[in-house]
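**Student:** fold the stuff below for me.
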Amino acid sequence: MSPELDLACRAAREAGALLRANFETELSVDALDRHDIKLALDVESQKLIEGLILATFPDHAIYGEEGLAGDQSSDSQWIVDPIDGTVNFFYGIPHFCISIAMRRGGELKVGAIYDPMMDEMFAVDFDGPATRNGLPIRPSDRSALADAVVTVGFSKSTESIDAGLARYKNIAHRVRKTRMMGSAALALAYIACGRLDAYIEESISLWDIAAGQLMLERGGGSVVLIPSPENPDKSSIISSNGRLPLEEVI
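**Tutor:** Predicted coordinates:
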């Protein structure tokens with residue numbers, strides 16, 4: 001394991017311990033938006049991760065859901081989602097994670113996604129296969145839509161929800177089952193290990209999917225990101241095990 005991945009996994013585990021200790025407790029809410037929740041714990045988790053990263057690599061940059069830190073001119077950038085699945089966490093649904101990726105020269109190099117409730121660490125290093133708790137993983141071989149389980153995410157704006165509903169209706173009649181699970185990072189990790197076959201959402205951020213994208217692509221899966229013309233920080237995502245003919249339903 002490279003020093004960078006070791007650090008990513010360690011930071012994810014420490015943040016995971018913080019989340020686990022606060023799960024189903026009284027939480028401090030920073031903002032209640034129409035389709036989202038911001039917790040003080042999001043910030044606390046990111047600060048913990050930032051502190052560990054910058055203590056080891058003080059000249060690196062951090063790009064996180066809760067803000068920037070470090071040297072933003074650095075060629076090495078850490079991409080952090082301190083709680084992916086905050087709404088699930090707030091409502092006591094045990095499906096959320098910490099996602100940490102590092103890219104260098106604009107290319108994703110390492111990634112860690114930790115589910116503290118399942119104690120599952122998904123990881124991918126500079127080289128080699130993605131792993132779950134140290135064992136190699138790969139996407140499923142399913143190539144027929146009728147055999148596939150597809151997760152569809154619904155974003156926060158009215159326009160993206162409407163577009164997602166239309167896409168969901170088109171997909172739901174073609175696949176074995178659909179799921180709406182509430183964590184983009186875990187959706188990609190689940191495709192990378194064969195639990196799911198595809199994940200589609202109209203509007204996501206880089207911190208949602210960076211680590212999972214690298215894991216999935218390392219195993220031969222497919223991730224297509226389409227930048228939003230309205231918001232350069234948002235993209236739509238079409239991802240799969242690399243074998244499904246998603247062009248038939250998109």
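
**Student:** measure Val150 to Ala187 for me?
**Tutor:** Noted for Val150: a distance of 10 Å to Ala187, by CB to CB, to the nearest Å. Bear in mind the C-beta positions are built from the backbone N, C-alpha and C, glycine included.

**Student:** those two: which is more packed in?
**Tutor:** The neighbour count for Val150 versus Ala187, taken as other CB atoms under 10 Å, is higher for Ala187 (32 against 25).

**Student:** who are the contact partners of the more buried one?
**Tutor:** By CB atoms under 8 Å, 6 or more residues apart in numbering, the residues touching Ala187 are 151, 153, 181, 196, 199, 212, 239.

**Student:** where's it relative to Gly85, distance?
**Tutor:** With CB to CB as the criterion, Ala187 and Gly85 are 10 Å apart.

**Student:** where do the helices of the protein begin and end?
**Tutor:** Counting by DSSP state H, the chain has helices at residues 3-22, 40-56, 86-90, 158-172, 184-192, 206-218.

**Student:** so which of those helices is the most packed in?
**Tutor:** helix 184-192 (a mean of 30; mean count of other CB atoms under 10 Å).

**Student:** tilt between that one and helix 206-218?
**Tutor:** Put simply, helix 184-192 runs at 10 degrees to helix 206-218, going by axes from the mean of the first three to the mean of the last three CA atoms, to 10 degrees.

**Student:** got the CA positions of helix 184-192 in CSV?
**Tutor:** The C-alpha trace of helix 184-192 is given here as CSV (Å, rounded to 0.1, in the frame of the first residue of the first chain):
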residue,chain,number,x,y,z
ALA,A,184,-23.1,8.1,-4.7
ALA,A,185,-19.8,6.9,-3.4
LEU,A,186,-21.2,3.6,-2.2
ALA,A,187,-23.2,3.2,-5.4
LEU,A,188,-19.9,3.2,-7.4
ALA,A,189,-18.2,0.9,-4.8
TYR,A,190,-21.1,-1.5,-5.1
ILE,A,191,-20.8,-1.6,-8.9
ALA,A,192,-17.0,-2.1,-8.5
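
**Student:** quick revisit: tell me which of the helices of the chain sits nearest to Asp127.
**Tutor:** helix 206-218 (9.1 Å; CB to CB).

**Student:** overlap in contacts, Val150 and Ala187.
**Tutor:** 196, 199.

**Student:** buried stuff in stretch 130-137?
**Tutor:** For stretch 130-137, burial by neighbour count (16 or more other CB atoms under 10 Å) applies to 130-132, 137.

**Student:** out of those residues, list just those in strands.
**Tutor:** 131-132 (DSSP state E).

**Student:** which of the buried residues of stretch 130-137 sit farthest apart?
**Tutor:** That would be Ala130 and Arg132, which, of these, are the farthest apart (CB to CB) at 7.7 Å.

**Student:** in its sheet, what does the lowest-mean-pLDDT helix or strand in the chain sit against?
**Tutor:** Across the helices and strands of the chain, mean confidence by mean pLDDT, DSSP states H and E is lowest for strand 29-33: a mean of 74. In the sheet, strand 29-33 lines up against strand 36-39 (antiparallel) (DSSP bridges).

**Student:** list of residues touching the partner strand?
**Tutor:** By CB under 8 Å, 6+ apart, the residues outside strand 36-39 that reach it are 27-32, 83, 86-87, 89-90, 156.

**Student:** please redo it, this time with the cut-off set to 10 Å
**Tutor:** Around strand 36-39, the neighbours that count as contacts under CB atoms under 10 Å, 6 or more residues apart in numbering are 22, 27-32, 45, 65-66, 82-83, 86-91, 155-156.
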